[in-house]
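[1] with the input below, show me the fold.
(chains A and B)
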Amino acid sequence: MNTPESRHPAELGNGRAPLLEARGLSKNYGATRALDSLDLAIAPGEVYCLLGPNGAGKTTTINLFLGFVAPTSGQAFIAGLDVSAHDRETKQRIAYIPEQVMLYRNLSGLENLEYFAALGGKGALTPGRLTDILVEAGLERSAVDQRVSEYSKGMRQKVGIAIAIAKEADALLLDEPTSGLDPQASNEFSELIERLKNRGVAVLMATHDLFRAKETGTRVGIMRYGRLVTELGTEEIGHADLERIYLKHMHD
Amino acid sequence: MTARTVLRNEWRLLMADRALRVVLGLFAVLLVYALANGVVWMRFQARTVEAVQAGNVERTRAIAEELAAIENGAEPASRFADPRAPNVLGGPRGSHTAVLEPGPLTALAVGQSDLLPYYYDVNIYTNESSFQQNGEVENPLNLMVGRFDLAFVVIYLLPLLVLAVSFNVLSEEREQGTLALTLSQPVSARRVVAAKLSFRALLVVGMVLAVSLLGILVTGGFSSPGRVLLWCATVVAYALFWFVLAAWVNSLRRSSAWNATVLVGAWLVLVVVLPAAINIASGLLHPLPSRVQMVTAQREASNEAVNRRSELLARYLEDHPEMAGGVVAEEPGLGALAWAATDAVNRRLEEVTSEHDARRAEQIALVRRYRFLSPALLAQEVLIDAAGTGDARFAGFQSQVRAFAEQWREFFVPAILASEQMDASVLPDLPRFRLEDEEGADVARRAGVPLTVLGALLVLAGVGAGVGLGRVRGAD
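    Numbers count the residues shown, from 1 in each chain, chains lettered A, B, ... in the order given. Presented below is the predicted three-dimensional model:
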């Protein structure tokens, strides 16, 4: 494990208490080990990108932090709270953006935001404030009252970000949020993540996009067969290095 | 907090969904149509009752008039209809019609009231055939499915509407992808589903109750608040059963199509197949004697009785010394002989009908035993009983009419046997039928068991749904 590129997680963080933390986190589906003893700590203001092929355990990791699946062993913590034991409290602090943000198609973006923000515990926001949040998340003001059935995927992802902003989430869990977005939409999305990062949000993002990971991430973890095989700080490497290291791990 | 948020969202979704609005609108039209149907029937029945009671008054008045005229020296209008003769005054000409007023909520559940007679002309010739000829339909359950009334809509169609608006309450969220975003919020699937179903239940049950209360208001049913309460409670419990069943099936995390298939299957089995199967079983296991048998028995007995009426009269007097009152004419009159024949026929009929009644009691016992298998049967029983159009109220009426017929005979037969004539002085003393109607407490007592079982089914489905939904954590 001690290759030149990999160091102990604690050395790579920014020194603040982690908002997202996994300790020996493992998940079996029948005989398949989907996630194998993951140790991970993501501090406020960090964007941690999980890279790896399909089936490497990225989505399982996110689902464990969401409490969507129960760990076989180990624990996932959000702001120091064990997800298995504090379902409500941990979900108040996180926002989740899946690969496809699916909303109520017959309702407008604003109505969707109002609903999910209220479910998230932020019921007191006025329509005006919610509209501002949608605009802050990059939606055109004219689109706010359109039915979501008329939205593009990029617009729906922006509503997802708006939900995270409205909820004032401490941590953001993103599962391949930019797959299928055109480069411009993808870039806009990265800028939004950047902005949230600067506000002190901890971000865990599963992605296939090496370029995006290097651009947006503060750290990158490469997974394979359910194991975190290496971890890098993005400051220290170039795009070409990341690709070389990634491919090297895939062919090992 | 969660509940209010979900309720508001559900309202918006409803407003945005035209198909759902159309289905709900259609159901509202059906409800109103069914109610109108019931109100029309109830008004018809009330008018009939009024006419029949006016007939009672009119017959008495005509007889009193003629008796007075005869007393003043006039001849009777017809020798064969001389009102002074006890077999005329107590016979069809002077008969008294016993009436069952419409049940307080007849407009909501016509029940059996349009199949079973609600008035009987009682006179000395009233016998078992009078009670049988009008409508002992073979099938005890067929009796229950009557007009297109509110009870029919509630029992058969309401479950379909409930299932239409709830079969995909959770599966749709998963299929359209909103479940992931929902469950990443600090809410449980259980609460979200409960809130969503509450909204839909409020809408559907609210509609049924509103139309019910409208009908009750229009037809004056609020004078029986206990029945109104029972009706409403049963509608709510029955509708909730289907909602909770839908929640349970949804909690199994299958596709919307699978849910729909299973739930429609449940409707088919519980509402259609089981009642029909119980029906058929009751007919097969306890077949009723043929009605032809009764008619034949009546004819044979009549022929025989006419031939042997002197002998029959002697036997009758032996059996009923109280009817003779010690004053039997030396030479029995024609009236007395005729009465003896009539009585013999009546007895033979009683033998046949008692067999008929025994089979029918067995059928009913079987239906009552197995009705616990179907919430539809349980709810239907209570709804019809609450409306005052059920079996029990009708049976109570019929047995009181039987007793009244007996009272009527006791009044006239001694005079027939003694070949006496009557005059206007007996008119104030003529027996008059006064129904001892069932009390609200009787209805409530009868509703206890079926409602408890319905409640238990509801709780069972609720526990299943609660446990199942408790396991729904993620979106997969």
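
[2] got a list of what residue B:48 touches?
    For residue B:48, the contact set (CB atoms under 8 Å, 6 or more residues apart in numbering or on different chains) comprises B:118-119. No exception for glycine: its C-beta is placed from N, CA and C like everyone else's.

[3] just give me the neighbour total for residue A:29.
    11 (other CB atoms under 10 Å in any protein chain shown).

[4] the stretch 151-252 of chain A: strands as residue ranges?
    Remark: strands assigned in the stretch 151-252 of chain A by DSSP state E, counting those that start in this stretch are A:171-175, A:202-207, A:219-224, A:227-233.

[5] so for residue B:294, which of the ones you listed sits nearest?
    Closest to residue B:294 of the strands of the stretch 151-252 of chain A is strand A:171-175 (CB to CB; 78.3 Å).

[6] quick revisit: would you mind giving the strands of the stretch 151-252 of chain A as JSON lines with distance to chain B and mean pLDDT added?
    Listed next are these as JSON lines, based on distance: least, CB to the nearest CB, whole Å; pLDDT from 0 to 100:
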{"stretch": "strand A:171-175", "distance to chain B": "8", "mean pLDDT": "94"}
{"stretch": "strand A:202-207", "distance to chain B": "13", "mean pLDDT": "94"}
{"stretch": "strand A:219-224", "distance to chain B": "20", "mean pLDDT": "93"}
{"stretch": "strand A:227-233", "distance to chain B": "22", "mean pLDDT": "90"}
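
[7] just checking, which helix or strand of chain B averages the lowest pLDDT?
    helix B:321-324 (a mean of 70; mean pLDDT, DSSP states H and E).

[8] next secondary structure element downstream of that one?
    Per DSSP states H and E, the first helix or strand lying C-terminal to helix B:321-324 is helix B:334-370.

[9] that following helix packs against which elements?
    Judged by 3 or more CB pairs under 8 Å, 6 or more residues apart in numbering or on different chains; DSSP states H and E, the packing partners of helix B:334-370 are helix B:86-89, helix B:128-132, helix B:274-285, helix B:291-307, helix B:309-319, helix B:391-417.

[10] helix or strand right after the second one?
    Read that as helix B:128-132. Next helix or strand after helix B:128-132 toward the C-terminus (DSSP H and E): helix B:150-152.

[11] mean confidence for the helix or strand just after that next one?
    Under the assignment DSSP H and E, the closest C-terminal helix or strand after helix B:150-152 is helix B:158-166. Regarding helix B:158-166, the rounded mean pLDDT is 95.

[12] what do you get for stretch B:427-447?
    Averaging pLDDT along stretch B:427-447 gives 89.

[13] still on that earlier bit, any chance of the strands of the stretch 151-252 of chain A in a markdown table, plus mean neighbour count?
    Below are the strands of the stretch 151-252 of chain A laid out as a markdown table (neighbours: other CB atoms under 10 Å in any protein chain shown):
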| stretch | mean neighbour count |
| --- | --- |
| strand A:171-175 | 25 |
| strand A:202-207 | 26 |
| strand A:219-224 | 24 |
| strand A:227-233 | 20 |
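
[14] with distance to residue B:37 added, can I get those in CSV?
    As requested, the strands of the stretch 151-252 of chain A are exported to CSV (distance: least, CB to CB, whole Å):
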stretch, distance to residue B:37
strand A:171-175, 57
strand A:202-207, 62
strand A:219-224, 68
strand A:227-233, 71
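
[15] poorly predicted segments of the chain, please.
    Picking chain A for this. Along chain A, the model assigns pLDDT under 70 to residues A:1-15, A:123.

[16] please refer instead to chain B.
    Applying pLDDT under 70 to chain B picks out residues B:1, B:132-146, B:309-310, B:324-332, B:475-476.

[17] any residues of it in contact with chain A? List them.
    B:1-2, B:5-6, B:8-9, B:12-13, B:16-17, B:176-178, B:180-188, B:473-476 (CB under 8 Å from any CB of the partner chain).

[18] ok so, going back, name the residues that touch the least confident helix or strand of chain B?
    B:316-317, B:410, B:413-414, B:417-418.

[19] quick one: the helices in chain A?
    Here chain A has its helices, by DSSP state H, at A:9-12, A:58-66, A:87-93, A:109-119, A:127-136, A:153-167, A:183-198, A:210-216, A:239-251.

[20] redo those as CSV? Include distance to chain B and mean neighbour count.
    Converted to CSV, the helices of chain A look like this (distance: least, CB to the nearest CB, whole Å; neighbours: other CB atoms under 10 Å in any protein chain shown):
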stretch, distance to chain B, mean neighbour count
helix A:9-12, 25, 15
helix A:58-66, 6, 25
helix A:87-93, 4, 19
helix A:109-119, 4, 25
helix A:127-136, 13, 17
helix A:153-167, 7, 25
helix A:183-198, 16, 17
helix A:210-216, 21, 21
helix A:239-251, 27, 15
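
[21] dump the ones you listed into a markdown table; add distance to residue B:92 as well.
    Shown next, in a markdown table, are the helices of chain A (distance: least, CB to CB, whole Å):
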| stretch | distance to residue B:92 |
| --- | --- |
| helix A:9-12 | 105 |
| helix A:58-66 | 85 |
| helix A:87-93 | 80 |
| helix A:109-119 | 75 |
| helix A:127-136 | 80 |
| helix A:153-167 | 83 |
| helix A:183-198 | 94 |
| helix A:210-216 | 100 |
| helix A:239-251 | 105 |
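
[22] ok, which of those helices comes nearest residue B:347?
    Proximity to residue B:347 (CB to CB) singles out helix A:109-119 among the helices of chain A, at 77.3 Å.

[23] now the closest one against helix A:127-136, angle please.
    Relative orientation of helix A:109-119 and helix A:127-136, computed by axes from the mean of the first three to the mean of the last three CA atoms, to 10 degrees: 110 degrees.

[24] list the contacts of helix A:109-119.
    For helix A:109-119, contacts defined as CB under 8 Å, 6+ apart pick out A:103-104, A:107, A:123, A:125, A:127, A:130-131, A:133-134, A:139, A:143-146, A:148, A:151, A:155, A:159, A:162-163, A:166-167, B:1-2, B:5-6, B:8-9, B:12, B:181-182, B:185-187.

[25] tell me how far it lies from the chain's centre.
    20 Å (CA atoms, centre = their mean, to the nearest Å).

[26] do the same with stretch A:27-34
    23 Å.

[27] check stretch A:31-51 too.
    11 Å.

[28] then that stretch to PDB, C-alphas only?
    The C-alpha trace of stretch A:31-51 is given here as PDB (Å, rounded to 0.1, in the frame of the first residue of the first chain):
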ATOM      1  CA  ALA A  31     -21.000 -13.900  -1.600                       C
ATOM      2  CA  THR A  32     -19.800 -10.800  -3.300                       C
ATOM      3  CA  ARG A  33     -17.700  -8.300  -1.300                       C
ATOM      4  CA  ALA A  34     -19.000  -5.000  -2.700                       C
ATOM      5  CA  LEU A  35     -17.000  -2.900  -0.300                       C
ATOM      6  CA  ASP A  36     -14.000  -4.100   1.700                       C
ATOM      7  CA  SER A  37     -12.800  -2.300   4.900                       C
ATOM      8  CA  LEU A  38     -13.000   1.200   3.600                       C
ATOM      9  CA  ASP A  39     -11.300   3.900   5.800                       C
ATOM     10  CA  LEU A  40     -12.100   7.400   4.700                       C
ATOM     11  CA  ALA A  41     -12.300  10.800   6.300                       C
ATOM     12  CA  ILE A  42     -13.500  13.900   4.500                       C
ATOM     13  CA  ALA A  43     -13.200  17.300   6.300                       C
ATOM     14  CA  PRO A  44     -15.300  20.400   5.800                       C
ATOM     15  CA  GLY A  45     -14.200  22.200   2.600                       C
ATOM     16  CA  GLU A  46     -12.900  19.000   1.000                       C
ATOM     17  CA  VAL A  47     -14.100  17.500  -2.300                       C
ATOM     18  CA  TYR A  48     -13.200  13.800  -2.300                       C
ATOM     19  CA  CYS A  49     -13.600  12.100  -5.700                       C
ATOM     20  CA  LEU A  50     -14.000   8.300  -5.800                       C
ATOM     21  CA  LEU A  51     -12.700   6.900  -9.100                       C
END
